[in-house]
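Novice: mind looking at a prediction? Sequence and model below.
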Amino acid sequence: GDSVTQMEGPVTLSEEAFLTINCTYTATGYPSLFWYVQYPGEGLQLLLKATKADDKGSNKGFEATYRKETTSFHLEKGSVQVSDSAVYFCARANSGGYQKVTFGTGTKLQVIP
Amino acid sequence: DAGITQSPRHKVTETGTPVTLRCHQTENHRYMYWYRQDPGHGLRLIHYSYGVKDTDKGEVSDGYSVSRSKTEDFLLTLESATSSQTSVYFCAISESTLYTFGSGTRLTVV
């Protein structure tokens, strides 16, 4: 079935370090891909999305590129801040019909000053 | 705000008692979902609804039931709570593949 695999966390970085969180997805159909972020005590919020191959989603300094050849959608940020500490979820959705979204297990990021 | 609220935000209940969690939306979205979030498991879909009185099971539906009598309300009921149902429960709404989540309900079954 459809699935999303994320790198295990937690990831601990110093402020201003480069961030990569890996995500791969099953290639059934032509999925849309998403990154959601969950801050402590809150629900998930959409961070960015990409709907077709080679699309780049970006928001708040985060980027992810839809790579069909490697079935990947890795999240990157050039310089993380303490305020980026959160849990990040990769997700995929089928196009057409009932658009069920499948979430990865989440990767916790902790940024230390 | 996104127009989705969950109640209660926190609840402690005893094993064997029934519990109902409420999700209310003001966005008139067709789809509504209940997830539970547990360490090491991420988000797991319990039940979802694709319209009034139209619901279906997710991957972890055992021990849970849902009802949707109005577009804006989606209720999750634990008929007889067990300690394994201690979790954080999230409601979500969507019209497409973009989900909006509530702030969650932390349920503890003692």
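Specialist: Sure thing, it's come through.
Novice: any idea how far apart the tips of stretch B:16-32 sit?
Specialist: Using Cα to Cα, to the nearest Å, the end-to-end distance of stretch B:16-32 comes out at 27 Å.
Novice: an error on my part: the question was meant for stretch B:42-61.
Specialist: End to end - Cα to Cα - stretch B:42-61 spans 16 Å.
Novice: B:Gly51 contacts B:His29, doesn't it?
Specialist: No: the criterion here is Cβ atoms under 8 Å, and B:Gly51 misses it with B:His29 at 10.6 Å. Backbone N, C-alpha and C define where each C-beta goes, glycine included.
Novice: who has more neighbours out of these two?
Specialist: B:His29 (19 against 11; other Cβ atoms under 10 Å in any protein chain shown).
Novice: tell me how far the residue nearest to the more buried one when sequence neighbours are not counted lies from chain A.
Specialist: What sits nearest to B:His29 in space, not counting adjacent residues and going by Cβ to Cβ, 6 or more residues apart in numbering or on different chains, is B:Ile93, at 4.2 Å. Noted for B:Ile93: a distance of 11 Å to chain A, by Cβ to the nearest Cβ, to the nearest Å.
Novice: and chain B, which residues reach chain A?
Specialist: Proximity of chain B to chain A, by Cβ under 8 Å from any Cβ of the partner chain, involves residues B:40-43, B:50, B:90, B:92, B:94, B:96-104.
Novice: got a ChimeraX select line for the buried ones in these?
Specialist: Provided next is the ChimeraX selection string for whichever of the residues of chain B next to chain A are buried by 16 or more other Cβ atoms under 10 Å in any protein chain shown:
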select /B:42,43,90,92,94,97,99,100,101,102,103,104
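Novice: quick one: low-confidence parts of chain A?
Specialist: Within chain A, the stretches with pLDDT under 70 are A:95-99.
Novice: circling back: got the CA coordinates for whichever strand or helix holds the residue nearest to B:His29 in PDB?
Specialist: Here B:Ile93, judged by DSSP states H and E, is contained in strand B:87-94. The C-alpha trace of strand B:87-94 is given here as PDB (Å, rounded to 0.1, in the frame of the first residue of the first chain):
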ATOM      1  CA  SER B  87      -3.200   9.000  23.500                       C
ATOM      2  CA  VAL B  88      -3.400  12.400  21.900                       C
ATOM      3  CA  TYR B  89      -6.300  12.600  19.500                       C
ATOM      4  CA  PHE B  90      -6.400  15.000  16.500                       C
ATOM      5  CA  CYS B  91      -9.300  15.900  14.300                       C
ATOM      6  CA  ALA B  92      -8.600  17.100  10.800                       C
ATOM      7  CA  ILE B  93     -10.700  18.600   8.000                       C
ATOM      8  CA  SER B  94     -10.200  18.900   4.200                       C
END
